[in-house]
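Participant: Okay, predicted coordinates and the sequence, questions at the end:
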Amino acid sequence: MTEVRTRFAPSPTGFMHIGNLRTGLYAYLFARKHNGTFILRIEDTDQERKVEGAEEMVYRTLETAGITYDEGPDKDGGYGPYVQTQRMNLYKEYAEKLVELGGAYYCFCDKERLESLADENGVHTYDKHCRNLSKEEVAKRLANGEPYVIRQKVPENTVSSYTDMVFGEISVDTADIEDGVLLKSDGLPTYNFANVVDDHLMAISHVIRGTEYLSSTPKYNLIYDAFGWERPKYMHLPPIMKDATRKLSKRFGDANFEDFIAKGYLPEAVVNYIALLGWCPKDNREKMTMDEMIEAFDTDGISHSSSIFDEAKMRWLNGEYLKAMTPDEFLKVAKPWIEKGLNGQDFDLAEIANLMQTRVDVLGDIPEKIAFLNEFGDYDLNMYVHQKMKVDLDVAKRAVKVAIDALEDFDDWADEAIKERIKLAAEEAGMKGGQVMFSMRVALSGAPVTPGGAIELAKVLGKEESLRRMRYSLELLTK
RNA sequence: GCCCUCAUGGUCAAGCGGUCAAGACGUCGCCCUCUCACGGCGGAAUCUAGGGUUCGAUUCCCUAUGGGGGUACCA
């Protein structure tokens, strides 16, 4: 059995959206699952679309996503170089070799002639004009320094087929395959050619990529055949869409991995979620670690149809990760966000983290949830009116007074103790505990909704600040 | 135009000839409850259409429709 070698070959032309990342993830999972080798190759031949810094972003993204490669630009495994622009001299040599082998030919047609081939739909198909030039003529024109390209010599009257690991048998009549350009007039390869040569030279056993290549793969296979090389196995992946008709787009920065991390998503949750977009493990599990995914990964579970990216579900999954953490772990990841929300105020971070853990799906939600901690002032008294709690302005005024009186000389500032104290005071005042606590909560926060109740807020705010706020609120209620 | 391909609730999806058509997200309702959340319980919601094949089609075949991809000296 030959060694499994897969590769992820992004081109540094922009952001890494989760569709790109997922392709890399699947190639990674497949390699790991089969104790194979996972390779990173940078396909930067399109210098015009190249984006500054995009290559570094690829490394960064893979690193934070926890996708580690065994061979790559900075990890030589003997099959380098791993950056396509550093391999440029190779392709011409192989293209010429292919001409000798009869799988390609020189073409001297100029742009004007090619343009004239367009049909009524504006689609132009090369008419194989130079396919049968004599060796002598080719040599002569080459010697004359005429510009040329090298084209693939696609066999005629046959069908090229292969079996895709997810889509099954794919067959294309060679009549539908153009004699495409392999080597451009500037001596550089087209993607079609570079890809085949690189995959072969890097001994890639399984080519894992998007379905945009599904129907052109027979064409690539013909090149392998012409060289006498062994064809790799193929696994094509359906696209991830932003809605029913549009794919995720790099250009518009859709669903960009790093953006999600910046918004407070956990990398492992994002990776987990995207693994599920287009793949379903046998047992239908949803929350999985990377190791569990490697273990469970199977081509059988890969979907044939495209799927729409749904951030709502990713939020939920992220929340599951957050809730599964220990308080310490959560505090560690939440700390910067809590500090951001506190805006310099000095409160107990662990207490706040405690309140936040079950209340946010994404860490970025924290600052707004705790904004009341540093924004306290005039507020709308109507928020005291609550029918179900049987609280109105009058009740609220009494309740806040009760709470103040109960806590003024109270020093055992712990959750349970404060609660008992308030309940007792409420009873003595002939009120329900809920009435007092509801009013107290509003008096403490000046907010209609808060993460946690009166007791929890009092605990976080501390005695002094709690009393200050309640006194202020009582004044408002008394006006 | 031609070629390849896909089609189960709003979304992700299980299903691979006989099921009351799983599960999850979201949504709605109830319980819990000092607001919000967490948690628990429950509801609504899906096989694109038409032909076949078959005792029986969501499942197999054909066609249509719709979506995606390809058809470049882009990847």
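Facilitator: Now that the structure is in, tell me what you want to look at. Everything quoted here is computed from the prediction, not taken from an experiment.
Participant: who are the neighbours in contact with residue A:288?
Facilitator: When contacts are counted by Cβ atoms under 8 Å, 6 or more residues apart in numbering, residue A:288 touches A:272, A:275, A:281, A:296. C-beta: built from backbone N, CA, C; applies to glycine.
Participant: Determine the number of other residues adjacent to the residue in chain A that RNA strand B sits nearest to.
Facilitator: The nearest approach of chain A to RNA strand B comes at residue A:453, 2.2 Å away (Cβ to the nearest atom of the strand). Using other Cβ atoms under 10 Å, the number of residues around residue A:453 comes to 16.
Participant: isn't it right up against residue A:434?
Facilitator: No. Distance between residue A:453 and residue A:434: 9.7 Å, which falls outside the contact criterion (Cβ atoms under 8 Å).
Participant: residues from the stretch 301-450 of chain A in reach of RNA strand B?
Facilitator: A:301, A:303-308, A:310, A:312-313, A:315-316, A:323, A:358-359, A:386, A:388-389, A:419, A:433-434, A:437-438, A:440-441, A:448-450 (Cβ under 7 Å from any atom of the strand).
Participant: Apply 6 Å and report the result again.
Facilitator: A:301, A:303-308, A:310, A:312-313, A:316, A:358-359, A:389, A:419, A:433-434, A:437-438, A:441, A:448-450 (Cβ under 6 Å from any atom of the strand).
Participant: Same check on the stretch 151-300 of chain A?
Facilitator: So the stretch 151-300 of chain A meets RNA strand B at A:167, A:170, A:172, A:176, A:178, A:181, A:184-185, A:190-191, A:211-212, A:214-216, A:239, A:244-245, A:247, A:276-278, A:280, A:284, A:286 (Cβ under 6 Å from any atom of the strand).
Participant: Quick one, which of these are buried?
Facilitator: Neighbour-count burial (16 or more other Cβ atoms under 10 Å) applied to those gives A:167, A:170, A:172, A:178, A:181, A:184, A:190, A:214, A:239, A:247, A:276-278, A:280.
Participant: Dump these to a markdown table, plus pLDDT and secondary structure.
Facilitator: Formatted as a markdown table, the entries for these read as follows, by pLDDT from 0 to 100; DSSP: H, G, I helix; E, B strand; the rest coil:
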| residue | pLDDT | secondary structure |
| --- | --- | --- |
| A:167 | 97 | coil |
| A:170 | 96 | strand |
| A:172 | 96 | strand |
| A:178 | 94 | coil |
| A:181 | 96 | strand |
| A:184 | 94 | coil |
| A:190 | 93 | coil |
| A:214 | 97 | coil |
| A:239 | 96 | coil |
| A:247 | 92 | strand |
| A:276 | 98 | helix |
| A:277 | 96 | coil |
| A:278 | 95 | coil |
| A:280 | 97 | coil |
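Participant: just to revisit the earlier point, report the buried members of the residues of the stretch 301-450 of chain A next to RNA strand B.
Facilitator: A:306-307, A:359, A:389, A:419, A:433-434, A:437-438, A:441, A:450.
Participant: Tabulate those residues (JSON lines), appending distance to residue A:159.
Facilitator: Formatted as JSON lines, these follow (distance: Cβ to Cβ, whole Å):
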{"residue": "A:306", "distance to residue A:159": "27"}
{"residue": "A:307", "distance to residue A:159": "31"}
{"residue": "A:359", "distance to residue A:159": "60"}
{"residue": "A:389", "distance to residue A:159": "75"}
{"residue": "A:419", "distance to residue A:159": "78"}
{"residue": "A:433", "distance to residue A:159": "80"}
{"residue": "A:434", "distance to residue A:159": "77"}
{"residue": "A:437", "distance to residue A:159": "77"}
{"residue": "A:438", "distance to residue A:159": "76"}
{"residue": "A:441", "distance to residue A:159": "74"}
{"residue": "A:450", "distance to residue A:159": "68"}
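Participant: tell me the two of the residues you listed that are most distant?
Facilitator: Set against one another by Cβ to Cβ, those have their most distant pair in A:306 and A:433, with a gap of 54.6 Å.
Participant: And residue A:254, how far from residue A:20?
Facilitator: Relative to residue A:20, residue A:254 is positioned 11 Å away (criterion: Cβ to Cβ, to the nearest Å).
Participant: Compare these two (neighbour count), which wins?
Facilitator: Comparing residue A:254 with residue A:20 by other Cβ under 10 Å, the one with more neighbours is residue A:20, at 23 against 19.
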